[in-house]
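Participant: from the sequence below, what's the structure:
(3 chains)
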Amino acid sequence: MKMPKKMKLSYLLNFLGLVLLFSIFVLMFESKIFGTSTTYIKGIFTTACYTIIMVTSLNLVVGCMGEFSLGHAGFVSVGAYFSAITSNALAGRGIPDLLLLIIALIAGGLAAGLTGILVGIPALRLRGDYLAIVTVAFAEIIRVAFCNFEITGGGKTMSGIAKLADFYWAFWIMVICVTVMFMYVRSRYGRTVKSIREDYIAAAASGINVTYYKVLTFAVAAFFAGVGGGLYAHYMTAMIPTNFNFNYSAELLSEVIIGGTGSLTGSVIGAAFLSSLPELMRQFSTYRMLAYSIVLVLVMIFRPGGIFGTWEFSLTRLLERVAGKAPKAQKGGE
Amino acid sequence: MTVSLFVQSLINGLNQGAIYALIALGYTMVYGIIRMINFAHGDFIMIGSYTLFYTIPLMVNIGMPAWMAVILAVIVCTIVGILVETIAYKPVRKAGPMSALITALAMSIFLENLAMALFGAKPHNVQKIFSLPTINVAGVALPMNVLLTIVIGLAIMLLMQIFIKKTKIGKAMRAVPQDRDAAILAGINVDKIITLTFAIGSGLAAIAALMYCAKYPRVTNDMGSMMGIKAFIAAVLGGIGVIPGAMLGGILVGLIEIFVKLYAPGWYEAITYSILIVILLVKPSGILGKNVGEKV
Amino acid sequence: MSNEKTTPVLKAQHLGIQFGGLKAVDDFNMEIGQSELVGLIGPNGAGKTTVFNLITGVYKPTEGSFYLNGEKMNGKKTHQIVEAGIARTFQNIRLFKKMTVIDNVKVAMQEKKSTYRMADAVFRTKKYWAEEAELTKRAKELLEVVHLSGKEDLLAANLPYGQQRRLEIARALATDMKLLLLDEPAAGMNPTETEELLEIINYIRDEFKVSVLLIEHDMSLVMKICQRIQVLDFGTTIAAGTPEEIANNPKVIEAYLGKEDE
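Facilitator: Predicted structure coming up:
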């Protein structure tokens, strides 16, 4: 059977929407509308792009699988260091920048994904708060390891990483990553993982290999965390293991929770907003985490599902509504 | 390793461990009764330490011994503990353990960043608290601080055991984690019990802060988060919810850290975290705990 | 109507489990033939659900063994046992509450019926669309069997109690099993719902050619539909036979009356 016509149209529409959004950004930056602060603002948007990848990937674990990982920064750092090592090793061999970036990101992602499997197999035997605390432990072990390895700077700043990532490429890499994760969630894989979240005993009784799917999802999440980390490394060009400490993991988790567990839209908007807003108001940046924590408590009390809950943005639905068609009830499937 | 180095490391390990144990005692009690990892517990130590920083000079000025400042620290920590519980934890209590975990994490972030906003990121140096002698025996330095910390730890452990086992409130506390609904039916005011648990746990944090500052007189806004997690590791190792287990776990973690530091100084933290991973996977109930499975 | 010549669908030999010092189930023996409907009854706490948990791999038996179509199942994990052909429902309903009715069924079905890979899902290949359409079609057919047509897109949690129990049956059917274990399927149902349920169980047994092992508290219901009945008390089998034999067995009457007198 072929793709249903309606879906084809919807994918096309979404793609056109992204091209339009991208064009707006290009127009904004190329026309130098922000004058001297163009580079600065571009930087903020780049930060938003890799944060979106990291937060969305964490939401696979938190929203889809229903488990709290407080060690996502560990996977981010594996991706960041591994991709940096890769691009350093391949530098000066005449490989075009974009290709080099993609190779580095994939290498970083795979290293992080592999770490995800190694961590996931033992850790995911635990659930709830014990799992959360064990992910902290693993992330700290990773951090300590990077502090001790010579190739990662031996606890000091690793600098001189090629600046391969700029906003334009980061934007499309972000789009691809989020799309792939969305497709994963809206497939039999996502369905299975959600059933494990709902009731793992019933899932096993329905023939599902609970451990396999949990580790798989954890590894997918770690892979994209690694890609996000790779972008980070090739945009920042310098980093130190303490950048990826417990506080960074907690920050990423806060962004997932505030955006909405189980809503990738929430993660995208939440990450974009929360990572760029404090930058835009620099003078308040010391109060950023203070504000985060207050918002987090308020969200937990008044809107435990996060701001977007499980709601997903759909361009098709929006256009239908604008066109005056009867708004349809939101369905679980596609 | 020479005998004197071994004995010296043993003493250092006991000293470090006794402090972990003091923090773990409060941690394990809160977890044992509310079944919630209170990420903010470590930050109560930080609050206690800042209180000591500001109140010790006052004590000294009015001619009192410096350690008397701990009374004020206990009061401040207890008040903060009750406030945190009432404002943040109580509203989410019915929403399940994960909401509680996130809220606890949020409170930890909040307290750390509030402290940064109030006191800045620079470390504050606390005045000398005890002027206890250090005895030298055969080339080994034995600070009396160590003995004092251990004695205080043991005393608190005993008092808590008696309180939990013998008093009416203590018995009610033990009933709450067993079956909250049944506890309500038995006429126990669960909300009150939980608030009280937090009050005691936070008060204990202030005493831990005193002994911490006696050894490491530096206070920073982020000193609590990692120490809290290490104390949690100690509590898990000993058997979470088991009061003597916290003491045992704390001492063990301290000893292990000091001895690993001798051989692989860069890796000692990794070892501590590995302990947590191994114990949770192999025997999640810890050394002194009992196993409980899930009913299908 | 068990056929002695063929291998039994389920065969349990001296199956037993201890929790601490307590023998929850001891020396449990049972054979279920093709398309047979067997009842497992007994007072509360007799160990009926424990038998289910043993047969589905939730607990590992400390003694004895059990076979599905002659294949030894001991020590296998729950999902492997389901794959081999044993599916169950739960006494205290365990649905995927925040998922739609149809997704509850599709989840249980896809492990056997869909083979598309992650790349198919990511690139939305023809295979993906074809298999998803097939899953939806078959899931709808199963929902029809349990009289839940038209409820596909509701959240499982929003179904009334009786329908939730039927959805659990549809989910179990979706695993394409040979032996269906029903744990008190009529609990909490009114007489009309129970009647409908009996109809469904009979239909499933005839249409799908599966064997059914039924735990039930309500004696009259068991008497009505089961071909054979086995009675547990304090973890041991105290009687086994046809409904008539069980109804007149003094031990059974004592176990039940003794319990009701308390």
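
Participant: A:Ile307 contacts A:Thr261, correct?
Facilitator: No - taking C-beta atoms under 8 Å as the definition, A:Ile307 is not a contact partner of A:Thr261, at 10.6 Å. Bear in mind the C-beta positions are built from the backbone N, C-alpha and C, glycine included.

Participant: which one's more surrounded, the two?
Facilitator: A:Thr261 (25 against 17; other C-beta atoms under 10 Å in any protein chain shown).

Participant: Provide a list of residues in contact with the closest residue to the more buried one other than its chain neighbours.
Facilitator: Excluding its sequence neighbours, the residue lying closest to A:Thr261 (C-beta to C-beta, 6 or more residues apart in numbering or on different chains) is A:Gly63, at 4.0 Å. Residues near A:Gly63 by C-beta atoms under 8 Å, 6 or more residues apart in numbering or on different chains: A:Val256, A:Gly260, A:Thr261, A:Gly262, A:Ser263, A:Leu264, A:Ser267, A:Thr310.

Participant: most neighbours, which of those?
Facilitator: Using other C-beta under 10 Å as the neighbour criterion, A:Ser267 leads the contacts of A:Gly63 with 34 neighbours.

Participant: that one sits in which helix or strand?
Facilitator: Taking DSSP states H and E as the definition, one finds A:Ser267 inside helix A:264-280.

Participant: C-terminal to that helix, what's the next element?
Facilitator: With elements assigned by DSSP H and E, the helix or strand that comes after helix A:264-280 is helix A:288-302.

Participant: run through who's touching that next one.
Facilitator: A:247, A:251, A:254, A:257-258, A:274, A:278, A:284, A:306-307, B:88, B:91-92, B:95, B:99, B:102-103, B:105-107, B:109-110, B:112-114, B:117.

Participant: what segments of the stretch 101-250 of chain C are helices?
Facilitator: Along the stretch 101-250 of chain C, the stretches classed as helices by DSSP state H, counting those that start in this stretch are C:101-113, C:118-123, C:126-145, C:161-174, C:191-208, C:219-225, C:243-247, C:250-261.

Participant: again, but for chain A
Facilitator: Listed in chain order, the helices of chain A (DSSP state H) span A:5-30, A:38-59, A:72-90, A:97-123, A:128-148, A:167-185, A:188-198, A:200-205, A:210-236, A:246-259, A:264-280, A:288-302, A:315-322.

Participant: adding mean pLDDT and distance to C:Lys137, write these out as TSV.
Facilitator: Formatted as TSV, the helices of chain A follow (pLDDT from 0 to 100; distance: least, C-beta to C-beta, whole Å):
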stretch	mean pLDDT	distance to C:Lys137
helix A:5-30	90	17
helix A:38-59	93	31
helix A:72-90	96	39
helix A:97-123	96	34
helix A:128-148	93	38
helix A:167-185	95	22
helix A:188-198	96	15
helix A:200-205	95	23
helix A:210-236	97	24
helix A:246-259	91	35
helix A:264-280	83	28
helix A:288-302	87	41
helix A:315-322	80	24
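
Participant: tabulate those (a markdown table), appending distance to C:Ile229.
Facilitator: As requested, the helices of chain A are exported to a markdown table (distance: least, C-beta to C-beta, whole Å):
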| stretch | distance to C:Ile229 |
| --- | --- |
| helix A:5-30 | 52 |
| helix A:38-59 | 51 |
| helix A:72-90 | 54 |
| helix A:97-123 | 45 |
| helix A:128-148 | 41 |
| helix A:167-185 | 46 |
| helix A:188-198 | 34 |
| helix A:200-205 | 24 |
| helix A:210-236 | 34 |
| helix A:246-259 | 52 |
| helix A:264-280 | 52 |
| helix A:288-302 | 52 |
| helix A:315-322 | 55 |
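
Participant: of the ones you listed, give the one that comes closest to C:Glu184.
Facilitator: Closest approach to C:Glu184 among those is made by helix A:200-205 (15.4 Å; C-beta to C-beta).

Participant: so which other helices or strands are in contact with the helix ranked longest in chain B?
Facilitator: Longest helix of chain B, by residue count under DSSP H: helix B:3-34. Judged by 3 or more C-beta pairs under 8 Å, 6 or more residues apart in numbering or on different chains; DSSP states H and E, helix B:3-34 is in contact with helix B:41-61, strand B:140-143, helix B:144-166, helix B:168-178, helix B:190-215, helix B:223-238, helix B:243-263.

Participant: what residues sit buried inside it?
Facilitator: Counting neighbours by 16 or more other C-beta atoms under 10 Å in any protein chain shown, one finds that the buried residues in helix B:3-34 are B:7-9, B:11-34.

Participant: same check on stretch C:17-32?
Facilitator: Under the neighbour-count criterion of 16+ other C-beta under 10 Å, stretch C:17-32 has C:Ile17, C:Lys23, C:Ala24, C:Val25, C:Asp26, C:Phe28, C:Met30, C:Glu31, C:Ile32 buried.

Participant: surely A:Val193 is in contact with A:Thr217?
Facilitator: Yes - the pair A:Val193 / A:Thr217 is scored as a contact, 4.9 Å apart, by C-beta under 8 Å.

Participant: of all of chain C, which residue lies closest to chain B?
Facilitator: Nearest residue of chain C to chain B (C-beta to the nearest C-beta) works out as C:Val58 at 5.2 Å.

Participant: next to chain A, which bits of the stretch 51-200 of chain B? Give me the list.
Facilitator: Within the stretch 51-200 of chain B, the residues that sit near chain A (C-beta under 8 Å from any C-beta of the partner chain) are B:88, B:91-92, B:95, B:97-99, B:101-103, B:105-110, B:112-114, B:116-117.

Participant: restrict the residues you listed to contacts with chain C.
Facilitator: Among those, no residue is within reach of chain C (C-beta under 8 Å from any C-beta).

Participant: restricted to buried residues, select the residues you listed in ChimeraX.
Facilitator: What follows is the ChimeraX syntax selecting those of these that are buried according to 16+ other C-beta under 10 Å:
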select /B:88,91,92,97,98,99,101,102,103,105,106,107,108,109,110,112,113,114,116
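
Participant: got a list of what the residue sitting nearest the centre point of chain C touches?
Facilitator: Centroid check for chain C by C-alpha atoms, centre = their mean gives C:Leu181 as the closest residue, at 1.7 Å. Each residue near C:Leu181 by C-beta under 8 Å, 6+ apart is listed here: C:Phe52, C:Ile55, C:Thr56, C:Ile86, C:Ala87, C:Arg88, C:Thr89, C:Ala172, C:Val212, C:Leu213, C:Ile215.

Participant: swap in 6 Å and give it another go.
Facilitator: C:Phe52, C:Arg88, C:Leu213 (C-beta atoms under 6 Å, 6 or more residues apart in numbering or on different chains).

Participant: who wins for neighbours among these?
Facilitator: Neighbour tally across those (other C-beta under 10 Å): the maximum, 30 neighbours, falls on C:Arg88.

Participant: may I ask you to confirm that that residue is in contact with C:Val58?
Facilitator: No - between C:Arg88 and C:Val58 there is no contact under C-beta atoms under 6 Å: 9.3 Å.

Participant: how many neighbours does the residue of chain C closest to chain B have?
Facilitator: Using other C-beta under 10 Å, C:Val58 has 19 neighbouring residues.

Participant: what's the distance between it and C:Met30?
Facilitator: Here C:Val58 is placed at a distance of 17 Å from C:Met30 (C-beta to C-beta, to the nearest Å).
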